[in-house]
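> return a 3D structure for these sequence lines:
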Amino acid sequence: MNYKYIFVSISMLLSLIHCTTNKKSTNEQDLKKIEILLSKHKRYAFIDLYRKSLRQEEKKYHVKKCDSLLDVSSTELYNENCLKADFYSDDHKSYNDENYNLLILKWLKKDYPVYMPTDNPDVRTTMTFKKALDFYESDDLNKYIDSLRILFYKKYERHNLKSIDCVE
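Numbers count the residues shown, from 1 in each chain. You can find the predicted model right below:
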């Protein structure tokens with residue numbers, strides 16, 4: 001009689017261990033995917049600010065676009081990885097992330113003067129890449145990514161994080 005209880009107890013214990021270890025590995029993989037998604041959001045924000053800063057400088061100096069290369073890095077990152085898929089919900093009817101837009105506007109307003117003059121007065125110089133790089137490493141962007149982390153983990157717990165399926 002005593003052996004039956006021991007056998008049942010050990011079987012239940014092994015089953016419980018098996019269930020929890022299987023769940024953890026999947027959970028850890030998904031958490032890594034969430035961090036990859038957050039990293040992609042950070043890269044997208046960097047590229048977006050850089051691109052918009054260049055446009056801002058072109059308008060400021062009335063630069064005409066005759067021949068140019070079009071960098072589609074942000075478009076590819078945006079579409080390939082479903083970056084806006086997780087902003088839509090019943091209580092937020094838009095894909096527009098107001099916090100993100102305010103963050104980008106704040107950094108677009110920052111003035112980055114050029115300290116070194118050029119020999120040719122017709123050459124316009126900018127510090128847009130420096131601005132974008134400072135933005136990429138900023139506390140502002142890190143706080144924004146942390147706010148996304150909270151949103152993504154909540155959606156993940158509710159099994160409602162859509163963009164996690166886009167991460168390979």
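> in this protein, which residue is closest to the centre?
His41 (1.3 Å; C-alpha atoms, centre = their mean).
> right, and that one touches Asp146 too?
No - using C-beta atoms under 8 Å, His41 makes no contact with Asp146, being 11.1 Å away. C-beta here means a position set from N, CA and C on the backbone, and glycine is covered the same way.
> what does the pLDDT read for Ser147?
Note on Ser147: pLDDT of 89.
> I'd say it and Asn99 touch.
Yes - contact criterion C-beta under 8 Å: Ser147 and Asn99 qualify, at 6.6 Å.
> list the buried residues in stretch 134-141.
By 16 or more other C-beta atoms under 10 Å, the buried positions in stretch 134-141 come out as 134-136, 141.
> Tyr153: which of those is nearest?
The closest of the buried residues of stretch 134-141 to Tyr153 turns out to be Leu141 (C-beta to C-beta; 18.7 Å).
> how about the secondary structure of the closest one?
helix (DSSP: H, G, I helix; E, B strand; the rest coil).
> where does the chain have low pLDDT?
The chain contains residues with pLDDT under 70 at 1-9, 11-16, 18-26, 65-72, 78, 80-81, 84, 87-95.
> for it, what spans make up the helices?
For the chain, the helices defined by DSSP state H occupy 2-60, 73-80, 98-108, 128-136, 139-157.
> picking up where we left off before, and the two most separated of the buried residues of stretch 134-141?
Largest pairwise distance in these, by C-beta to C-beta, is 9.6 Å, between Asp134 and Leu141.
> give me phi/psi at the nearest residue to Met116 once chain neighbours are set aside?
Distances taken as C-beta to C-beta, 6 or more residues apart in numbering place Thr125 nearest to Met116, at 7.9 Å, with adjacent residues excluded. Dihedral pair for Thr125: phi -120, psi 150, per degrees, to the nearest 10.
> and Thr125, how many neighbours does it have?
Neighbourhood size, Thr125 [other C-beta atoms under 10 Å]: 13.
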